[in-house]
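Visitor: structure of the sequence below:
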Amino acid sequence: MTKPDEKLRLDAFDLNILALLQENTRITSEDIGIQIGLSATACQRRMKRLRETGIIEKEMAVLNGLSFGGYVTVIVDIIMKHGGAATMNKFKQQMMCNQAVQQCFYVTGSSDFVVIIVARNMLHYEQLTQALFYNNENIKKFTSTVVMENVKVGLTIPLPE
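Guide: Reported below is the predicted structural model:
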């Protein structure tokens, strides 16, 4: 893996490969090669390098929550009572270990954290609030916003052209 301060040089082929993989990780190296003008072998080598250097951090399946009876997405703004590296790191670790927590952002502004949670239903979310927030004595306040419709959901990074 490259060190955070090292910048891997990406050329137009790399950026095109990344753009295609962000849309569909199941695309074959042959199909990528046809679309960008490289051999399948060259695409495979580049994809291997992008994975090994950590540019491609993770590949996963995105499931449709409606297929499982529908899930509730909740955006939670959290204000902590006290700061400090140990306190913040403990909270970050707690968020990372909970499967219902989809995303957790340590932010500036009026909140300390913004957390995206997916729960089976509102009862499940209420149970999560007890475990994650009410039982944490360092949380001063949290505010929940329930998502009514997923208008756009994604994790793609806009790449330079």
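Visitor: ok, residue 82 - contacts?
Guide: For residue 82, the contact set (Cβ atoms under 8 Å, 6 or more residues apart in numbering) comprises residue 138. The way it works is simple: take the backbone N, C-alpha and C, and place the C-beta from them, glycine included.
Visitor: then it would be within a strand, right?
Guide: No - if the criterion is DSSP: H, G, I helix; E, B strand; the rest coil, then residue 82 is coil and not within a strand.
Visitor: domains of this structure?
Guide: Following automatic domain parsing, one finds the domains of the chain at 12-52, 65-146.
Visitor: now do the helices in the chain.
Guide: Along the chain, the stretches classed as helices by DSSP state H are 12-23, 29-36, 40-52, 85-97, 122-129.
Visitor: quick one: which of the ones you listed is nearest residue 138?
Guide: Across those, residue 138 has its closest neighbour in helix 85-97 (5.6 Å, Cβ to Cβ).
Visitor: which elements pack onto the closest one?
Guide: strand 72-80, strand 101-106, strand 113-119 (3 or more Cβ pairs under 8 Å, 6 or more residues apart in numbering; DSSP states H and E).
Visitor: give the buried residues for that helix.
Guide: Neighbour counts over helix 85-97 (16 or more other Cβ atoms under 10 Å) mark 88, 91, 95 as buried.
Visitor: quick check: mean pLDDT of it?
Guide: The pLDDT scores in helix 85-97 average 95.
Visitor: what about residue 148, how many residues nearby?
Guide: Residue crowding around residue 148 was assessed by other Cβ atoms under 10 Å; the count is 8.
Visitor: list the contacts for it?
Guide: Counted by Cβ under 8 Å, 6+ apart, residue 148 has zero contacts.
Visitor: and it, how far from residue 133?
Guide: 22 Å (Cβ to Cβ, to the nearest Å).
Visitor: still on that earlier bit, and the helices and strands packed on helix 85-97: which comes nearest residue 40?
Guide: Of these, nearest to residue 40 by Cβ to Cβ is strand 101-106, at 34.3 Å.
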